[in-house]
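**Student:** When you get a sec, could you give me coordinates for this:
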Amino acid sequence: MENVYTELSKTQAFFTSTIHNELKKINKKRTPEKKELIDDAMKQLKILENDYESLKKDLTESGDDKRVIYAMISNFQSRINVLQHVMERIEDVKQIKQMTL
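**Tutor:** Prediction:
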C-alpha cells in the first residue's frame, strides 16, 4: 500500500504542477471581456477540488481501491480539460475581437 501512495503522490505532484501552470496562463489573459468565462472555470475547478478531497477520504477508508485511484486521476484530467477549454474560449474571444476591429 505504501507503493500506491508513493505513486499517487508523484501523479498528484505532476497534475498539480500542470494545473498551476495553466492557471497562470489563464490569469495573464484576464480582461473584463473574459472575466465571466474565467470566473465560471474557477467555480468548476472548485467543485472538482472538493470532489477530490472526498476521494482522498474514500481512498484512506478503502485502502488502495483502484477505482478510487482511477477516479482521482480522472478528476485531475477533468480539471485540465476545464482549463484547456477556457484557453480555447479565450482565444475565440481574442479572434472575434480582432475581427471586429
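**Student:** Please enumerate the helices of the chain.
**Tutor:** Taking DSSP state H, the helices of the chain run over residues 2-28, 35-62, 66-99.
**Student:** Reformat the ones you listed into a markdown table and put mean pLDDT next to each item.
**Tutor:** Formatted as a markdown table, the entries for the helices of the chain read as follows, by pLDDT from 0 to 100:
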| stretch | mean pLDDT |
| --- | --- |
| helix 2-28 | 88 |
| helix 35-62 | 94 |
| helix 66-99 | 93 |
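**Student:** Export those helices as JSON lines, with columns for mean neighbour count.
**Tutor:** C-beta here means a position set from N, CA and C on the backbone, and glycine is covered the same way. As requested, those are arranged in JSON lines below (neighbours: other CB atoms under 10 Å):
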{"stretch": "helix 2-28", "mean neighbour count": "12"}
{"stretch": "helix 35-62", "mean neighbour count": "14"}
{"stretch": "helix 66-99", "mean neighbour count": "14"}
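**Student:** Without its sequence neighbours, what residue ends up closest to the most centrally placed residue in the chain?
**Tutor:** Averaging the C-alpha coordinates of the chain gives a centre point, and the residue nearest to it by CA atoms, centre = their mean is residue 79 (2.3 Å). Ranked by CB to CB, 6 or more residues apart in numbering and with sequence neighbours excluded, the top spatial neighbour of residue 79 is residue 48, at 5.0 Å.
**Student:** Many thanks, have a good one.
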